[in-house]
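**Q** Sequence first, predicted model second:
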Amino acid sequence: MKNSCLLICRQGWLGVPLFFIGLVSLAFSQLVQNESNSATPEDRIESISNKISELKKRLSDVRIDQSGSQFDLTKRSATGNLRQLSNSADKRPEIESLSKKLVKTDKQWRNRRNEIQNATATGQERLEVS
């Protein structure tokens with residue numbers, strides 16, 4: 001058997017008290033009572049119901065925010081401004097670049113919005129089950 005540096009005999013006089021302090025602290029840590037068991041079942045049911053209703057409200061807020069009305073208004077405004085600039089006599093490459101970036105951003109926004117809608121639908125299903 002290998003002689004480990006953790007053996008009590010190898011630690012000398014300092015190792016023995018440390019071993020007993022560790023053993024006693026482990027024993028006392030097992031005696032600690034859990035204070036969370038003091039709630040009654042009715043209180044727990046009410047707490048869970050409140051959490052579920054709060055989560056449902058938050059999901060509905062996310063759905064309202066995801067309707068995208070504010071984003072669509074801003075996008076339409078920017079698109080209209082870019083069209084007016086591109087139809088003007090002064091054609092600049094920056095306008096075309098901005099148009100391409102707007103189209104790319106719109107595609108990314110649609111993809112992200114679909115992901116969020118799927119996640120909220122999954123969350124809603126889980127809340128309905130609970």
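**A** Cool, got the structure.

**Q** According to the record, where do the domains of this structure fall?
**A** 1-31, 42-129 (automatic domain parsing).

**Q** buried stuff in the helix or strand harbouring Thr120?
**A** Assigned by DSSP states H and E, Thr120 belongs to helix 93-129. For helix 93-129, the neighbour count (16 or more other C-beta atoms under 10 Å) marks 95, 98-99, 120, 124 as buried. No exception for glycine: its C-beta is placed from N, CA and C like everyone else's.

**Q** how far does it sit from the chain's center?
**A** Distance of helix 93-129 from its chain centroid, counting by C-alpha atoms, centre = their mean, to the nearest Å, is 18 Å.

**Q** so what does it touch, helix or strand wise?
**A** helix 41-66, helix 69-87 (3 or more C-beta pairs under 8 Å, 6 or more residues apart in numbering; DSSP states H and E).

**Q** and it with helix 41-66, angle?
**A** 160 degrees (axes from the mean of the first three to the mean of the last three C-alpha atoms, to 10 degrees).

**Q** and helix 93-129, average pLDDT?
**A** Mean per-residue pLDDT for helix 93-129: 82.

**Q** Between the buried residues of helix 93-129, which sits nearest Thr74?
**A** Leu98 (14.0 Å; C-beta to C-beta).

**Q** sorry, back to before: export the buried residues of helix 93-129 to TSV and append columns for distance to Trp13.
**A** Formatted as TSV, the entries for the buried residues of helix 93-129 read as follows, by distance: C-beta to C-beta, whole Å:
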residue	distance to Trp13
Ile95	84
Leu98	78
Ser99	81
Thr120	64
Gln124	65
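
**Q** any idea which of those is the one closest to Asp106?
**A** Checking these one by one against Asp106 (C-beta to C-beta), the nearest turns out to be Ser99, at 10.7 Å.

**Q** Since that was my last question, I'll sign off now.
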